[in-house]
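In: no FASTA, just this:
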């Protein structure tokens, strides 16, 4: 298998109302390149936003609150937030680079819709059935540096699922699911660069990922984990603070209620006291509760909150029950 990526030069500064399909096709003609069925067109969110009028006068701080769903972590002046699109990004993805001084660029209102519109326009003008990926740059947990990822997609398989299949050695695959839309985005960025004014790229060689013309697919939204399913819903410091505050409106990012044994082990580790696990009637069956000494009320309450449980204290005993989904 071979993969070819071309990122044409000569794209002018994009302004509000510009036709991105025209910009791309013009640049490809100049590069002696023609779109073909199975190509994947990659476009930076920056030029999509500019064409859609998502440029604002001011600073990141001016726009941050309006683009933020909730704060995930803070380190000094840096805020990592879950933004209005559900993406977790520094400064909500608001960008002050490659734009006139004194202005910032917000992410597109609906990147998947932007990708669908560009795909349809390219199909109409070139006759080619292509996939489209709208990209942005983001950091990653555990590793230095940033990579490009897909924040919008149309006509493309965004996630390949291998669960239930076996590898060449006969080993079963349980959770393997490459985020191929993100991999396409990163491959394209190698050709585009950050400072070369090449906002478009065409990736050729993975036509198997491109859907029929009548299907746009689930879009890049399908790659966003639902709130509460991320192992890292809060930063390390923020998780401690949120658990100690115990605001019910801030519990969801900690995830679904943990098993009784898991919470019991955490309480034992922190307090040195092993809770009693008891069974009680619940609906048509039975559920488990925990009982522990009320001597460690604050620590137990924080641990219960972080594990999706509630605490009721009466006298010398605290009783813990899992939150109802």
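Out: Sure thing, it's come through. Keep in mind that what you see is a predicted model, and the values were worked out from it rather than measured.

In: Point out the other helices and strands that the helix or strand of the chain with the lowest mean pLDDT packs with.
Out: Lowest on mean pLDDT, DSSP states H and E among the helices and strands of the chain sits strand 276-282, with a mean of 86. Applying 3 or more CB pairs under 8 Å, 6 or more residues apart in numbering; DSSP states H and E, one finds that strand 276-282 contacts helix 260-271, strand 285-293. C-beta here means a position set from N, CA and C on the backbone, and glycine is covered the same way.

In: okay, now the domains of this protein?
Out: 4-54+108-223, 236-322 (automatic domain parsing).

In: Would you convert those into JSON lines that also reports distance to residue 102?
Out: Listed next are the domains of the chain as JSON lines, based on distance: least, CB to CB, whole Å:
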{"stretch": "domain 4-54+108-223", "distance to residue 102": "15"}
{"stretch": "domain 236-322", "distance to residue 102": "32"}
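
In: Mind putting the ones you listed into JSON lines with mean neighbour count and distance to residue 80?
Out: Listed next are these as JSON lines, based on neighbours: other CB atoms under 10 Å; distance: least, CB to CB, whole Å:
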{"stretch": "domain 4-54+108-223", "mean neighbour count": "18", "distance to residue 80": "8"}
{"stretch": "domain 236-322", "mean neighbour count": "15", "distance to residue 80": "9"}
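
In: These: which one's closest to residue 101?
Out: Smallest distance to residue 101 across the domains of the chain (CB to CB): 14.4 Å, for domain 4-54+108-223.

In: And that closest one, end to end?
Out: 25 Å (CA to CA, to the nearest Å).

In: Stretch 150-169 too?
Out: Using CA to CA, the two ends of stretch 150-169 sit 32 Å apart.

In: how much distance is there from the biggest helix by length in the chain to the middle of the chain?
Out: Assignment by DSSP state H gives helix 111-126 as the longest helix of the chain. Offset of helix 111-126 from its chain centre (CA atoms, centre = their mean, to the nearest Å): 22 Å.

In: do the same with stretch 124-139
Out: The answer for stretch 124-139 is 18 Å, by CA atoms, centre = their mean.

In: gap between the two ends of it?
Out: Using CA to CA, the two ends of stretch 124-139 sit 36 Å apart.

In: Stretch 36-52 now?
Out: 27 Å.

In: rewinding a little: quick check: mean pLDDT of the helix or strand just after the longest helix of the chain?
Out: Downstream of helix 111-126, the next assigned helix or strand under DSSP states H and E is strand 131-140. Taken as a whole, strand 131-140 has a mean pLDDT of 95.

In: So what are the sheet partners of strand 131-140 and their directions?
Out: strand 40-44 (parallel), strand 143-154 (antiparallel) (DSSP bridges).
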